[in-house]
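Undergrad: Fold the following and give me the result.
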Amino acid sequence: MNENNIPEPDGRQEAEPAPAPPAPYPITALSFRVAKTPECPHEYTVRTPENEAACVALFNLIGEKGVREKWGRYRNQYWDPGDGWKYWRMTNDIRYSRVLNRARAAEPYFPHMPWCPPLIDDVILPASFNAEAEEIRRIREKLAKAAAESAE
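TA: Reported below is the predicted structural model:
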């Protein structure tokens with residue numbers, strides 16, 4: 001191509017360098033599984049060699065952009081990127097991090113279990129999990145009532 005951006009007589013054009021692709025958003029590269037804790041529903045992903053880069057990136061984002069919030073007697077660091085989820089890590093040391101968690105950001109806490117992270121809604125969480133959580137709530141109420149009656 002000459003200085004007027006006209007192709008050379010043989011028809012070849014110089015290839016312009018392709019722009020670098022944007023860094024992958026780490027969350028989209030990870031697959032999360034529903035945790036088997038109906039009393040404390042959330043999702044998690046396990047760090048593997050295949051998802052190492054995405055896990056490290058998400059781990060670092062939680063540390064850089066996350067805010068400290070109370071969870072029971074603990075203060076954890078949560079990151080809310082605005083996708084409807086809150087993400088947290090189990091340790092502050094990447095060498096020991098094997099699991100990253102997330103839970104629905106807008107859902108209320110279990111009223112009878114204030115130490116539990118937010119609920120996952122019925123669209124994500126199977127109805128059986130909600131039924132089990134309700135059964136746990138009923139059992140706890142019965143135990144609390146029995147304890148109160150025996151204290152009288």
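
Undergrad: From now on I want contacts and neighbour counts done on CA atoms only, so please keep to that.
TA: OK.

Undergrad: gap between the spatially closest residue to residue 91 that is not a sequence neighbour and residue 80?
TA: Nearest residue to residue 91, sequence neighbours excluded (C-alpha to C-alpha, 6 or more residues apart in numbering): residue 97, at 6.0 Å. Residue 97 is 19 Å from residue 80, where distance means C-alpha to C-alpha, to the nearest Å.

Undergrad: before we move on, the earlier item: would you mind measuring from the residue nearest to residue 91 to residue 135?
TA: For residue 97, the distance to residue 135 equals 33 Å [C-alpha to C-alpha].

Undergrad: just residue 152 next, same as before
TA: Computed as C-alpha to C-alpha, the residue 152 to residue 135 distance reads 26 Å.

Undergrad: same thing with residue 66?
TA: On the measure of C-alpha to C-alpha, residue 66 and residue 135 end up 34 Å apart.

Undergrad: Same question for residue 53.
TA: Using C-alpha to C-alpha, residue 53 is found at 40 Å from residue 135.

Undergrad: go on, residue 54?
TA: Taken as C-alpha to C-alpha, the span from residue 54 to residue 135 is 37 Å.

Undergrad: Just want to know which of these two has more residues nearby.
TA: Between residue 54 and residue 135, residue 54 has the larger neighbour count (other C-alpha atoms under 10 Å), namely 19 against 14.

Undergrad: got a list of contacts for the host helix or strand of that one?
TA: Per DSSP states H and E, residue 54 falls inside helix 52-65. For helix 52-65, contacts defined as C-alpha atoms under 8 Å, 6 or more residues apart in numbering pick out 25-27, 29-30, 47, 77-79, 87-89, 92, 94, 100.

Undergrad: ok, of those, which come out buried?
TA: Among the contacts of helix 52-65, those classed as buried by 16 or more other C-alpha atoms under 10 Å are 26, 30, 47, 77-79, 87-89, 100.
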